[in-house]
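In: got a predicted model here, sequence first, then my questions.
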Amino acid sequence: MPQPLDLPQGFRWGVSTAAYQIEGAVDEDGRGPSIWDTFAARPGAVRDGHTGAVACDHYHRYPEDVALMQGLGLDGYRFSIAWPRIQPTGAGPANPAGLAFYDRLVDALLTAGITPLPTLFHWDLPQALEDADGWLNRDTAYRFAEYTALVADRLGDRVPAWITLNEPFVHMVYGYAMGIHAPGRALMLDALPAAHHQLLGHGLAAAVLRERGLDVMIANNLTPVRPASSSEADQAAATAYDALHNRLFTDPILLGHYPDLSAFGVGPDLGGSVRDGDLKLIAATPLDGLGVNYYNPTRIAAPTDPGLPFTEAPIEGVPRTAFDWPVVPDGLRELLTGLRDRYGAALPPVTITENGCSVADEPAADGTVSDPDRIAYLAGHLDALAAAVAEGVDVRGYFTWSLLDNFEWAEGYHQRFGLVHVDFETQRRTPKASYAWYRDLITAHRALQER
Ligand code: FCB
């Protein structure tokens, strides 16, 4: 039986997923194409040509998936809403069948005693908006606010808190700078307007949510940045990387200004995209909670190539996940205390909105799935979270990534992050050992708090 942790009263336990990674049903009920449909169809873009066309078939099997969540005893479920189901071309009135799906899902969650926590944008932009230049086009931010209003008007009576964007950093860098995610553009630093326009979209959507009395969050991918050595050059490189990865997406929202990106040769107008009043708007609606997606720290050294002011250096001597990501649980404590030190009173309560690991899990002959590495990963990170709480950081919840094995973007179905194994041939769900462990941890924790 897992030992309960010393966590604040009312601490919330959850799991996270995203629409394109689990739903499938890409051609059903009037859904329009998204940039991930287009990208995944491009030869060589996704490992082994995998696509999200079927994924976990969650669109049809959501009752079974909600039952799995209920079995865990969750407080909350973070999922994302597919914009192209609501507005097939990214503009105009809502598609009733698209809204109806999320309506059914929300009702099923509430019946199971689980609070829905939707993310409005988890990377599946309507293709029609990409045809007009996607997040490089300022207009996309205004379209995003219109879409937000359509969804909030329908679900806001039952859904108290909303996440605007998932990981705008990863979407900008992988999608627009390096081209390894949809929309597959490789613009390097010319991708920066996609950062500003996502943040502007956050600000506009946040106002729409707040007008309706709803709580506003964002889920940022954050990483503690460690210089490879104490040399001045490595430290300067680490400062530059930290500004790009962490500060660029958090400072404007919490502090109302962009960080210093001069090491990149970029001025405060982010490549000419910032207009008067934008920063005020981005910061205008205070966050009710900061969502933190944490996977690993980043080690940074002085640049070896001209072009960027840093190089990433490997983190040695630690276990690695199937994805080859280093496992450094204490990085979560370091990250959380670092956020508190950096933002002080401007830091809202934090919720861990993603944390988890990929393991090459397959059922044994008796049908069970044993995943001790995942249990060790989760236990280590929860200890680090409790340590940050003990050091005074206000952390309100933990949502693990992910409920189900799913479509892991450019890796296709090769990386398994689920508490529940999915056989993608048969769609059979098999709870792994980590599922039982997480359920028992939640139970133990609740018993402690109710004492
Ligand atoms: C995060 C994404 C999420 C998932 C995990 C493993 O960057 O937000 O969709 O792919 O990584």
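Out: That came in fine, so what should we check first? Numbers count the residues shown, from 1 in each chain.

In: which bits of the stretch 251-400 of the chain sit near the ligand?
Out: Within reach of the ligand by CB under 6 Å from any ligand atom, the stretch 251-400 of the chain has these residues: 293, 354. The C-beta positions use only the backbone N, C-alpha and C, and glycine is treated the same way.

In: kindly report the same for the stretch 1-150 of the chain.
Out: The stretch 1-150 of the chain comes close to the ligand at residues 18, 21, as judged by CB under 6 Å from any ligand atom.

In: for the stretch 1-150 of the chain, which residue gets nearest to the ligand?
Out: residue 18 (4.7 Å; CB to the nearest ligand atom).

In: spit out the contact partners of that residue.
Out: Counting by CB atoms under 8 Å, 6 or more residues apart in numbering, residue 18 makes contact with 79, 80, 119, 122, 123, 124, 166, 406.

In: where does the residue nearest the centre of the chain fall, phi/psi-wise?
Out: The centroid of the chain falls nearest to residue 166 when counting by CA atoms, centre = their mean (4.3 Å). Here is the backbone geometry of residue 166 (degrees, to the nearest 10): phi -100, psi 120.

In: what's the answer for residue 181, then?
Out: phi -120, psi 170.

In: also residue 399?
Out: phi -120, psi 110.

In: residues in contact with the residue lying closest to it once chain neighbours are set aside?
Out: Excluding the flanking residues, the one nearest residue 399 by CB to CB, 6 or more residues apart in numbering is residue 14, at 3.7 Å. Shown in contact with residue 14 (CB under 8 Å, 6+ apart): 74, 75, 76, 77, 78, 117, 397, 398, 399, 400.

In: from one end of stretch 3-17 to the other, what's the distance?
Out: Using CA to CA, to the nearest Å, the end-to-end distance of stretch 3-17 comes out at 26 Å.

In: nope, stretch 102-120 is what I was after
Out: 12 Å.

In: and stretch 222-241, by the same measure?
Out: So stretch 222-241: terminal residues 12 Å apart, CA to CA.

In: one more: stretch 36-47?
Out: 14 Å.

In: just how off-centre is it within its chain?
Out: 21 Å (CA atoms, centre = their mean, to the nearest Å).

In: one more: stretch 365-380?
Out: On CA atoms, centre = their mean, the centre of stretch 365-380 falls 23 Å from the chain's centre.

In: now do that stretch: everything it contacts.
Out: 2, 319, 321, 327, 329, 355-357, 359, 361-364, 400, 419, 421, 430-434, 437-438.

In: quick one on the thing from earlier: of the contacts of residue 18, select the buried ones using a PyMOL command.
Out: The buried subset of these, as determined by 16 or more other CB atoms under 10 Å, is captured in PyMOL by this line:
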select buried, resi 79+80+119+122+123+124+166+406
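
In: restricted to strands, list the contacts of residue 18.
Out: With DSSP state E as the criterion, strands contain 79, 80, 119, 166 from among the contacts of residue 18.

In: just those now: which is nearest residue 410?
Out: residue 166 (16.0 Å; CB to CB).

In: enumerate the beta-bridge partners assigned to the closest one.
Out: On the basis of DSSP bridges, residue 166 is bridged to residue 219.

In: how close does it sit to the ligand?
Out: 5 Å (CB to the nearest ligand atom, to the nearest Å).

In: let me know the pLDDT of that residue.
Out: Looking at residue 166, its pLDDT is 99.

In: ok, residues contacting stretch 94-114?
Out: Outside stretch 94-114, the residues touching it (CB under 8 Å, 6+ apart) are 29-31, 59, 62-63, 66-67, 69-70, 74-77, 79, 81-82, 85-88, 115-116, 118, 150-151, 154-155, 158-159.

In: and the nearest residue to residue 79 once chain neighbours are set aside, what is it in contact with?
Out: Among residues not flanking residue 79 along the chain, residue 17 sits closest, at 5.1 Å (CB to CB, 6+ apart). Residue 17 sits next to 58, 77, 78, 79, 80, 402, 403, 404, 406 when contact means CB under 8 Å, 6+ apart.
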